[in-house]
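output the structure for:
(chains A and B)
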Amino acid sequence: MPEKILDVQNLVVDFTTLNGTVHAIRNVSFSLNKGETLALVGESGSGKSVTVRSIIQLYAKNAKVMGGKVNFHGENLLQKSPKEMNKLRGKKISMIFQDPMTSLDPTMTIGKQVAEPLLVHHDATKEAAYQRAQEVLELVGIPNAKARMKNYPHQFSGGQRQRIVIAMAIIDNPEILIADEPTTALDVTVQAQIISLLKDLQQRIGTAIIFITHDLGVVAGIADRVAVMYAGKIIEYGTTDEIYYNPQHPYTWGLLDSMPTLDIQGQRLKAIPGSPANLINPPKGDAFAPRNPYALKIDSEEEPPFFKVTDSHYAATWLLAPRAPKVTPPASIQKRFAKYTALRGEDHA
Amino acid sequence: MPNSKQQRKAVIQVRNLKQYFNAGKKSEVRAVDDISFDIYEGETLGLVGESGSGKTTTGRSIIRLYNPTSGEVIFNGQNIAKLKNRDLKGFRKNMQMIFQDPYASLDPRMKVKDIIAEGIDIHHLAKDQAERDHQVAELLEKVNLSPDFANRYPHEFSGGQRQRIGIARALAVQPKFIIADEPISALDVSIQAQVVNLLQDIQQEQNLTYLFIAHDLSMVKYISDRIAVLYLGKIVELADTEEVYNHPLHPYTQSLISAVPVPDPEIEKNHKIKTFDRSQAFHDDDQLREVLPGHFLYCNEATAATFK
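Just a heads-up that it's a prediction; the model follows:
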């Protein structure tokens, strides 16, 4: 039984804007096990970033948590004071952002920036903190780390800057590392290096990772489990194999289908029609229904609950209701099902 | 096959194009360094490479947003690199660009119909207001937007819709050739496929030729007939898409393709990434040579001989 270190329950977050209240997070629950990598996927505006930022309470002034709990080792983080949260951030839970250009202070040497979490938390003397900074910079693959600690961010390439940001995030051996699109701004070859670095670090220090991305290729390589978000809700979650080879929600089907695969040459891409739901007035029922070719009548009336597929795999779609009519998924998805059956056969053999 | 290729008509011929910034100074940057290639009528040529490799500069030099340092860009028999202002206008009607950022590339204070019709006005393509409105409505329909949107402003639209407006603007002057500079990288996955399908439909209807610049290799593979790989301002490999993916010859291309993540966990479990030794990138007497029919590789003569 894996040890649960983070448990988010019924999280609701609203944003007040000039156009009205945006219901960005609409009742999100998930948990994170020790040492695992959980990927949060979905398009922009689906609530991925707001969800993880709520965990460490980093969000815009107009955001308000309307309900829910974020339990970390049995304590609800949402009830902690800003001072108590400061003690946690960068120590037990740390975060890597998308853009390595803007997440480093251009006026501070990288040695000081990387050592900063230790100094702020009074965990070490200055000498020890700089010594440790040098160690983690070496660990993340910055060549000649001792000399380069005196350099400023602009003296490094984009990939190296992201390595520095990672060094800063792991210097205090956090239990949870939140990575918000950490490779989106990088070239593919650099992306591959950063991902293998994260995997390697995870093995060494045993940290759990929440990895946010919209790139399903990246997810396939790094995640143990995947949660798919749409319009402020998690609509399907399961192990990586379950999401890729046995997806149940039509939105997950659409997401998997809209990526060009190796054998698609010459065919049209299968685009998801329409555009994402408006979260100022979320539609009644299933928010995906207007874009869903498989929508049932009930989808526009009542929101689907989670239906169990396996112990680890749940999907919020009425198609899984016992009384629902049988639908035939797209051929590409049926191919995935066949692979799932084959994989399970191997496991049982 | 080589024969049929020779018969194909080249819309664009780039010859020894160089685009240096701060030329002659200490801070000289050779963004594009002596590249030559053809783009054939009706095809999509994909241009890939890491950031800073010169992809965008190549596109901008071809359409004369920059004045090339040296070299020729021949479009329908005419050397664009030498055109003076008045002739440039006529040529720009034939060549249009779609930009990466649909938020920055539309003037927020202009109505959609005026954005789309700007080229129509400049080139006097509409007799009167009614014809202008009619053309705008047709263009909006062509990119799957409602003609009712003509009187709205850009901020009222999503990223995908804005990119469609950008495409409609490019089509307004009935160009022969379109440079699409990362047209989908700012869009959501589910919207990317819509825009790519649209670009392909329009290409077939109007026999358009595309230069498609991107760093997302899986989408480039899908949309391109041929692919040119750019590294440090030089084309290191150019061939049919299948050939580039299945038999990449240049070590840089090999590392680039091996780094593309595959959306399949089983494949990713055993995914091996090839590394490329950047210190050994180029040698003296390297040049782009046709080592196999239609397959160009940046190498020296001895390497080229091994393919014979």
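
quick one: secondary structure of the residue in the stretch 1-150 of chain B that chain A sits nearest to?
As assessed by CB to the nearest CB, chain A sits closest to residue B:50 within the stretch 1-150 of chain B, at 4.0 Å. The C-beta positions use only the backbone N, C-alpha and C, and glycine is treated the same way. At residue B:50 the chain is in coil, as set by DSSP: H, G, I helix; E, B strand; the rest coil.

how many other residues sit next to it?
Other residues lying near residue B:50 total 20 when counted by other CB atoms under 10 Å in any protein chain shown.

what sits against it?
Residue B:50 makes contact with A:187-190, B:215, B:231, B:256 under the criterion CB atoms under 8 Å, 6 or more residues apart in numbering or on different chains.

hmm, residue A:135 and residue A:115 touching each other?
No. Counting by CB atoms under 8 Å, residue A:115 does not reach residue A:135; the two are 10.7 Å apart.

those two: who's more crowded?
Under the criterion of other CB under 10 Å, the comparison of residue A:115 against residue A:135 puts residue A:115 first, with 27 against 13.

phi, psi of that one?
Dihedral angles phi and psi of residue A:115 (degrees, to the nearest 10) take the values phi -80, psi -20.

about what we covered before: go through the contacts of residue B:50 and flag which are in helices.
Mapping the contacts of residue B:50 onto helices (DSSP state H) picks out A:188-190, B:256.

please, which helix or strand holds residue 198?
Assuming you mean chain A. Per DSSP states H and E: residue A:198 is located in helix A:188-205.

meant chain B, my bad for not saying
Per DSSP H and E: residue B:198 is located in helix B:189-206.

the closest residue to chain A within chain B: how many residues sit nearby?
For chain B, the residue closest to chain A is residue B:261, as judged by CB to the nearest CB, at 3.2 Å. Burial measure for residue B:261: 25 neighbouring residues, criterion other CB under 10 Å.

gap between it and residue A:74?
From residue B:261 over to residue A:74 the distance is 36 Å, taken as CB to CB, to the nearest Å.

around chain A, pick out the residues from the stretch 1-150 of chain B.
Counting by CB under 8 Å from any CB of the partner chain, the stretch 1-150 of chain B comes close to chain A at B:50-51.

let's see it at 10 Å
B:48-53 (CB under 10 Å from any CB of the partner chain).

related to what we said a few turns ago, which of the ones in helices among the contacts of residue B:50 are buried? Put it as a PyMOL command.
Buried subset of these, written as a PyMOL selection, criterion 16 or more other CB atoms under 10 Å in any protein chain shown:
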select buried, (chain A and resi 188+189+190) or (chain B and resi 256)
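
helices of chain B, start to end?
With DSSP H applied, chain B shows helices at B:2-7, B:55-62, B:85-94, B:112-122, B:129-142, B:159-171, B:189-206, B:217-223, B:241-246, B:251-258, B:265-269, B:301-305, listed in chain order.

got these as TSV, with mean pLDDT and distance to residue A:260 columns?
Below are these laid out as TSV (pLDDT from 0 to 100; distance: least, CB to CB, whole Å):
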stretch	mean pLDDT	distance to residue A:260
helix B:2-7	50	25
helix B:55-62	94	20
helix B:85-94	86	30
helix B:112-122	96	29
helix B:129-142	96	24
helix B:159-171	94	17
helix B:189-206	91	8
helix B:217-223	89	4
helix B:241-246	94	12
helix B:251-258	94	14
helix B:265-269	90	15
helix B:301-305	90	32
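
let me have the ones you listed in JSON lines, adding distance to residue B:78 as columns.
Formatted as JSON lines, these follow (distance: least, CB to CB, whole Å):
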{"stretch": "helix B:2-7", "distance to residue B:78": "21"}
{"stretch": "helix B:55-62", "distance to residue B:78": "13"}
{"stretch": "helix B:85-94", "distance to residue B:78": "7"}
{"stretch": "helix B:112-122", "distance to residue B:78": "20"}
{"stretch": "helix B:129-142", "distance to residue B:78": "27"}
{"stretch": "helix B:159-171", "distance to residue B:78": "21"}
{"stretch": "helix B:189-206", "distance to residue B:78": "21"}
{"stretch": "helix B:217-223", "distance to residue B:78": "28"}
{"stretch": "helix B:241-246", "distance to residue B:78": "29"}
{"stretch": "helix B:251-258", "distance to residue B:78": "32"}
{"stretch": "helix B:265-269", "distance to residue B:78": "47"}
{"stretch": "helix B:301-305", "distance to residue B:78": "32"}
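
helix/strand/coil for the residue of the stretch 201-349 of chain A found nearest chain B?
Nearest to chain B, among the residues of the stretch 201-349 of chain A, is residue A:217, at 3.2 Å (CB to the nearest CB). Following three-state DSSP, residue A:217 is assigned to helix.

could you count how many residues lie near it?
For residue A:217, the count of nearby residues is 21 (other CB under 10 Å).

identify the residues contacting it.
A:188, A:191, A:259, B:216-218, B:260-264, B:267-268, B:271 (CB atoms under 10 Å, 6 or more residues apart in numbering or on different chains).

where's residue A:193 relative to residue A:160, distance?
10 Å.

return the residues of the stretch 1-150 of chain A in contact with chain B.
So the stretch 1-150 of chain A meets chain B at A:41-46 (CB under 10 Å from any CB).

picking up where we left off before, any idea which of the residues of the stretch 1-150 of chain B next to chain A is closest to residue B:21?
Nearest to residue B:21 among the residues of the stretch 1-150 of chain B next to chain A is residue B:52, at 12.1 Å by CB to CB.

the closest one contacts residue A:158, doesn't it?
Yes. Taking CB atoms under 10 Å as the definition, residue B:52 is a contact partner of residue A:158 at 9.4 Å.

need the overlap of contacts for the two.
Contacts common to residue B:52 and residue A:158, judged by CB under 10 Å, 6+ apart, are residue A:187.

what about the residue lying closest to residue A:207 once chain neighbours are set aside, how many neighbours?
Of all residues not flanking residue A:207 in the chain, residue A:177 sits nearest, at 4.9 Å (CB to CB, 6 or more residues apart in numbering or on different chains). Close neighbours of residue A:177, defined as other CB under 10 Å, add up to 24.

so how far is the strand or helix carrying residue A:177 from its chain's centroid?
Remark: residue A:177 resides in strand A:176-180, with elements defined by DSSP H and E. Relative to the mean C-alpha coordinate of its chain, strand A:176-180 is positioned 8 Å out (CA atoms, centre = their mean, to the nearest Å).

now swap in stretch A:60-76 and tell me
Relative to the mean C-alpha coordinate of its chain, stretch A:60-76 is positioned 17 Å out (CA atoms, centre = their mean).

now do stretch B:167-179
On the basis of CA atoms, centre = their mean, stretch B:167-179 sits 13 Å off its chain's mean C-alpha point.
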